[in-house]
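1. Show me how the following folds:
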Amino acid sequence: MRTFILAILCLWFTQPLLAQRSCATEDAIRYKIKQSPYLQQQRDALEQRLISGVLQKRLLRGAVEPTVTIPVVVHIVLSDPNVVTDAQVYSQLAVLNGDYTGDNPDTSAVPAVWKPLIGNSGIKFCLAQRTPDGDPTTGIVRVRSNHIPFDGFNAAYEAKYNATGGSDAWDASRYLNIWVCNLSNGYLGVATMPDNTFPAAEQGVVILYTAFGTTGTAAGAYNGGRTVTHEVGHYFGLRHIWGDDDGATGGSPRCTAADGITGSDGIGDTPDQGARTYGCPSFPQLDGCSKTFPGFMFMNYMDYTDDACMHLFTTEQADRMRFVLDNIRSSLLSSDGCVPVNLLSNDASVAEINAPLGQLCSTGFTPVVMLKNKGAQPLQTVQITYQVDGGATQTFNWSGHLTSLQQTSVSLPAGATGPGEHLLTAWTNLPNGVTDDAPENDTATSSFRYFTPATLPFTEGFENTVFPPPNGWDQWNPDGSFTWELTRDAARSGSQSVVMRNLGYNINGAIDDLISPEINVQGYDSVFLFFDVAAATQSNVSDAGNPWDTLQILATTDCGFTLNQLYSKWGPTLVTVDTPVLNEFIPKPSQWRRDSVNLTRFIPSGRVRLIFRNISNYENNIYLDNINIVTKKTYPALLERGFMVTPNPTNSLVLITFLQPPADLEALALYNTAGQLLQWKKAAAIDSNNRFSFDLVNEPNGVYFVKLIYKNRSKTVKILKVR
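-> Next up is the predicted model:
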């Protein structure tokens, strides 16, 4: 869309010099596909689906599409977000509504030959009237951010998260999210297409603040609100009118309707066009793709001309957008975001249940709920009642002071339950001592579970059709995107395993956990974890500094409050195939490895849960199978002394084994009888079985000494080498 140059860095005194349009949508998609090539297949499939869908709409044309209204939330993310006024936001919504229904006044400037093609999508837009939680709103969110500018090349994803200096999206299935901010790289806007290239939390459009609306900060040739019109077109499935082929000419296949229907942009009623158009040219304009009158449609919203020279979507562009809305973004149609909230006088609710949630580590629990005053009157008293699985109720009489729409956390009387899956229901009653005006919003529910700790030996081969396995396994998927899943594509044994599909996971650094049941390890000499793993990368494992997919194993003995990292492998240490795999990795039987972790240190805690954590970085799939936790008999000497040196005598290898990883050990040394240092190992060289080794195969027979060097002490053990 537009190139933007900052003359002065301070936002208040910024006078942007706007040159040619620059839209980041296609660049962002190509960047994602370069990282995850299989996304191209998804994009090609979407394109064919849209072409077919538009064809069907053409064949069935006759009935007038009903007008629908989509709720919009505008996130203004700037160092001073107030510089974009409410009036400027209103001006942008007015432009959108005119452009998407073909009612904008400047359709009069469309050449007569194309006036019959002016499209009406039947899509209108409103500023959201209610939040996802049902509270009144203006539909405008202002966030003061020091993270400026945002990088349009990666779809400005940092503008879309509170944690990175942006503003979290509202439920993308119910709202069109528009972020208004400062963009880098000369971009005026970027959008997410209706596919899986970007996660749900990033769906929407991002707009440069000087190219938004028609008043206030809107400046130069792009002060007509058409940047948003253009980007929302991408959001509803439209491509650039020249097809993003970077300058096709008459000899290019892009200039031929290969399927007899579409032109270079997949739309049948837009003339083929060799390249993008800048400025405000006169009509007609011809090129190698459209060589005769009327030429190409440079005044289309999906070209790069100035705002004042953009005038229309075509009928088939409107059909394509409506097909996307009806079939891909259809959840927007049932959103109540445009419906105003009617605040009643006395209306209290349990907005959510914060505890118990998920899997408990004991039978006892203390419910914690979020009490919200959804009424117009201050809330001073209310009854809060809860029950588990429809059983006996417990009631708590709350008193305090909550103004309208204010909320507070409330702890309820403790309860207890047995093993299994459970449902907690909590509700409010008698706000301010009177009947609740809206009892339908009083109640919240949460599911939780408790399982008796598993005993050893413990085995999980993932052969059950239920996932996570029903014996206490759990998973954590904080972004709601790709996560651990059951697969029949590959298995080390049996017919199933679990896989983390990092090849298609286009979020850098995302965490996904597969969590074991709580396991009783009390009373054993030693405990070990064994598991099968298979992994590959798209990148060459010798690439220095590359961010890799990582597999970690963590342990907790206090229900997740403290995590102990036991295992962490990535890149060359994790892969089970040495060469890059560009397509989806499905391991052969020879491409698995058996790994192990010593869990003995957790025996004093009695119980432990293991967390298999994937950290994504755009590489390839990771598989797990045959998770076994077993006990081993420990030598009495190891139990007594905490370490042992074996075998003694030896003919080659000497193993120094510790019962627990020694916290203050600094190094180990091997000496001969002359006091000469032969070998040295740092404490960090300990393996997953709490062992070190010295190899005496090339040393002569005789007496040697292994010295354990601690922070403030040392121990020496004599060993004998014999052939």
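
2. So, low pLDDT: which residues of this protein?
-> Applying pLDDT under 70 to the chain flags residues 1-20, 35, 61-64, 245-264, 506, 688.

3. Which helix in it has the most residues?
-> helix 39-59 (DSSP state H).

4. That one - contacts with which helices or strands?
-> helix 25-35, helix 315-327 (3 or more Cβ pairs under 8 Å, 6 or more residues apart in numbering; DSSP states H and E). Where C-beta positions appear, they are placed from N, C-alpha and C, glycine not excepted.

5. Tell me which of those helices sits nearest to residue 212.
-> Residue 212 sits nearest to helix 25-35 of all the helices and strands packed on helix 39-59, at 16.2 Å, using Cβ to Cβ.

6. by how many degrees do the closest one and helix 39-59 diverge?
-> 140 degrees (axes from the mean of the first three to the mean of the last three Cα atoms, to 10 degrees).

7. now helix 25-35: how far from the chain's centre is it?
-> Mean-position distance between helix 25-35 and its chain equals 17 Å (Cα atoms, centre = their mean, to the nearest Å).

8. Check what contacts it and list those residues.
-> Contacts to helix 25-35, defined as Cβ atoms under 8 Å, 6 or more residues apart in numbering, come from residues 39-40, 43, 152-155, 189-193, 197-198, 231, 234, 239-240, 244, 506, 618.

9. I'd like to know which of those residues are buried.
-> With burial judged by 16 or more other Cβ atoms under 10 Å, the buried subset of the contacts of helix 25-35 is 39, 43, 152-155, 189-193, 197-198, 231, 234, 239-240, 244, 506, 618.

10. picking up where we left off before, for the longest helix of the chain, buried residues please.
-> Buried residues in helix 39-59 (16+ other Cβ under 10 Å): 39, 43, 46, 47, 49, 50, 51, 53, 54, 55, 57.

11. Give the pairing partners of the next helix or strand after that helix; include direction for each.
-> On the C-terminal side of helix 39-59, the closest following helix or strand by DSSP states H and E is strand 68-78. Using DSSP bridges, strand 68-78 pairs in its sheet with strand 123-127 (parallel), strand 140-144 (parallel), strand 176-181 (parallel).

12. what's the distance between the residue nearest to residue 634 when sequence neighbours are not counted and residue 230?
-> Taking Cβ to Cβ, 6 or more residues apart in numbering, and ignoring the residues beside it in sequence, residue 634 has residue 525 as its nearest neighbour in space, at 3.3 Å. Plainly put, residue 525 is 69 Å away from residue 230 if you go by Cβ to Cβ, to the nearest Å.

13. what about those two, which has more around it?
-> Each of residue 525 and residue 230 has its neighbours counted (other Cβ atoms under 10 Å); residue 230 has more, 30 against 15.

14. From residue 360, how far off is that one?
-> 51 Å.

15. Residue 156 too?
-> Residue 156 is 40 Å from residue 360, by Cβ to Cβ.

16. More neighbours: the two, which one.
-> Each of residue 156 and residue 360 has its neighbours counted (other Cβ under 10 Å); residue 156 has more, 28 against 19.

17. Tell me how far that one lies from residue 192.
-> 10 Å.

18. any idea which element residue 375 lies in?
-> When secondary structure is defined by DSSP H and E, residue 375 falls outside every helix and strand.

19. follow-up on the earlier one: just name the most buried of the helices and strands packed on helix 39-59.
-> The highest average neighbour count among those, using mean count of other Cβ atoms under 10 Å, belongs to helix 315-327 at a mean of 23.

20. who touches that helix?
-> The contact list for helix 315-327, computed with Cβ under 8 Å, 6+ apart, reads 50, 53-54, 57-58, 65, 68, 70, 100, 102, 117-123, 194, 233, 236-238, 266-270, 300, 302, 313, 332-333.

21. Leaving out chain neighbours, which residue sits closest to the residue positioned nearest the centre of the chain?
-> Residue closest to the average C-alpha location in the chain (Cα atoms, centre = their mean): residue 479, at 4.0 Å. Leaving aside its chain neighbours, residue 479 sits nearest to residue 510 (5.5 Å; criterion: Cβ to Cβ, 6+ apart).

22. list the contacts for that neighbour?
-> By Cβ under 8 Å, 6+ apart, residue 510 lies in contact with 478, 479, 481, 482, 615, 616.

23. May I ask which two of those residues are separated the most?
-> Maximum pairwise distance in these, criterion Cβ to Cβ, is 13.5 Å, between 481 and 615.

24. burial of the closest residue to residue 587 other than its chain neighbours, as a residue count?
-> Leaving aside its sequence neighbours, residue 587 sits nearest to residue 534 (Cβ to Cβ, 6+ apart; 3.7 Å). Residue 534 has 27 neighbours, counted by other Cβ under 10 Å.
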